[in-house]
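Undergrad: I would like to see how this sequence folds:
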Amino acid sequence: MNNPYMTEKKPTSARRTVNAIALTMIFSVILSYLLSYLHYYLAPILENAAVSAVFGISGMSRTEALIFVQDAVSSEMWHSLIYMISTFITLFLPFHFLSKRFFCQDFDDAMSFSGKVYRYFLIAFALMQMMGVVGVTVSNAISSVLIPNFAAISEEIAEAESAYISAPGDAVVYLLSTCVFTPFVEEYVFRGVIYKNLRRYGIGFSIVSSAIMFGLAHGSVSGFVYAFSSGIVLALVYEKTGNIKTSVLLHSMNNFIIFIFDTLLPSFLGEYEIFIINIAFDALIGVYALIGLIIFMRKIKKSSTTSFEDSEQKPEHTSSLGTLFGSVPFIIYALLFVYNQVTYFLL
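TA: Numbering: from 1, shown residues only. Here you go, the predicted model:
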């Protein structure tokens, strides 16, 4: 039986693997910028073409056609569709190419859904929520001390990035984007490709390294902390199950909770009511996480019969995080993250 991590066609080292992944992340960022600039310059041209088409087909006046097109392109449905297309182009395709060409890894291997959902799914979800909440709270407190106007800028960014649901179609497409498409693509990239191909150099190294890259991909300090802590749990669950199914479901459930608190509840309730519900939810999750933590950690320490723990798939050798932080492409990718933070808060 061949070990999928040790292909003879493409021999790799830990440093070479990290470099390849980091270079792909950099390429993804550059591609995102290029698409943004392309959208900036082409949007007026495409909008005028759309107005002319609607004007010619529908019988509307040109003013009515202009209003119709502007309403369409400003809707959450349109934004969600654009997001899914751009994410597919800038994240999924580059890593699919890396997986196929550099790691000689089939899509079915990286995105295996075979096997059962992790039996401690809810415990894992509670831990992921609590780690994220505690981490973000601490990072926001530190950032508020270091950056005087941090709270005001963060609120502006949150408002700019929040979804505005004005029609049932908006809600359906937005949920499809955040709770189906995003978990599928991100779990494929960060667990199916990155974690799985780093794993041969040590489980601890691969869990932390993939979580760091997952955090950096989320583009903000609070986003990094939340995604990093979530990435730890998602990688651990992936390690235990040997399939991507539970990780995708956990990711989907997490995004659905964010949708409820950030988008759905504000449409019906005031800030105070949402605050009370949020506190109650965090308390419930916290109690459940603490009760389940002992069980969860005991199960991790026990040997299991997952596909990742077979004797033929044990790590070749253990690498340290120095391999990650000593990678020039990774350093460049991390500096791009720092540049975005400086742009947000200082310029």
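Undergrad: Backbone dihedrals for Ser327, both of them.
TA: With angles defined as degrees, to the nearest 10, Ser327 sits at phi -80, psi 120.
Undergrad: so it sits right up against Ala14, yeah?
TA: No. Under the criterion of C-beta atoms under 8 Å, Ser327 makes no contact with Ala14, lying 9.4 Å away. Every C-beta, even on glycine, is put in place using the N, C-alpha and C of the backbone.
Undergrad: on contacts alone, who are the packing partners of the helix ranked longest in the chain?
TA: Ranked by number of residues, the top helix in the chain under DSSP state H is helix 14-58. On a contact count with 3 or more C-beta pairs under 8 Å, 6 or more residues apart in numbering; DSSP states H and E, helix 14-58 meets helix 62-73, helix 76-87, helix 93-97, helix 196-198, helix 203-216, helix 321-325, helix 328-345.
Undergrad: and the angle for it with helix 328-345?
TA: 50 degrees (axes from the mean of the first three to the mean of the last three C-alpha atoms, to 10 degrees).
Undergrad: Pull up the per-residue confidence for the closest residue to Gly219 other than its chain neighbours.
TA: Nearest residue to Gly219 in three dimensions, chain neighbours excluded: Asn340, at 5.8 Å (C-beta to C-beta, 6 or more residues apart in numbering). Confidence at Asn340, expressed as pLDDT, is 81.
Undergrad: Same question for the one 4 residues further on.
TA: Turning to Tyr344, the model gives it a pLDDT of 67.
Undergrad: repeat for Glu186
TA: On the pLDDT scale, Glu186 gets 96.
Undergrad: just the helices and strands packed on helix 14-58: most buried one?
TA: Across the helices and strands packed on helix 14-58, the average number of neighbours (mean count of other C-beta atoms under 10 Å) peaks for helix 196-198, which reaches a mean of 25.
Undergrad: What helices and strands are in contact with that helix?
TA: By 3+ C-beta pairs under 8 Å, 6+ apart, helix 196-198 packs against helix 14-58, helix 203-216.
Undergrad: go with 10 Å
TA: When contacts are defined as 3 or more C-beta pairs under 10 Å, 6 or more residues apart in numbering; DSSP states H and E, helix 196-198 sits against helix 14-58, helix 107-110, helix 203-216, helix 221-241.
Undergrad: circling back: relative to helix 76-87, how tilted is the longest helix of the chain?
TA: Going by the same axes, to 10 degrees, helix 14-58 makes 140 degrees with helix 76-87.
Undergrad: coming back round to it: what residues are shared contacts of Ser327 and Ala14?
TA: Shared contacts of Ser327 and Ala14 (C-beta atoms under 10 Å, 6 or more residues apart in numbering): Ser209.
Undergrad: C-terminal to the helix or strand bottoming out on mean pLDDT in the chain, what's the next element?
TA: Among the helices and strands of the chain, helix 150-161 carries the lowest confidence by mean pLDDT, DSSP states H and E, at a mean of 59. Using DSSP states H and E, the next helix or strand after helix 150-161 towards the C-terminus is helix 168-176.
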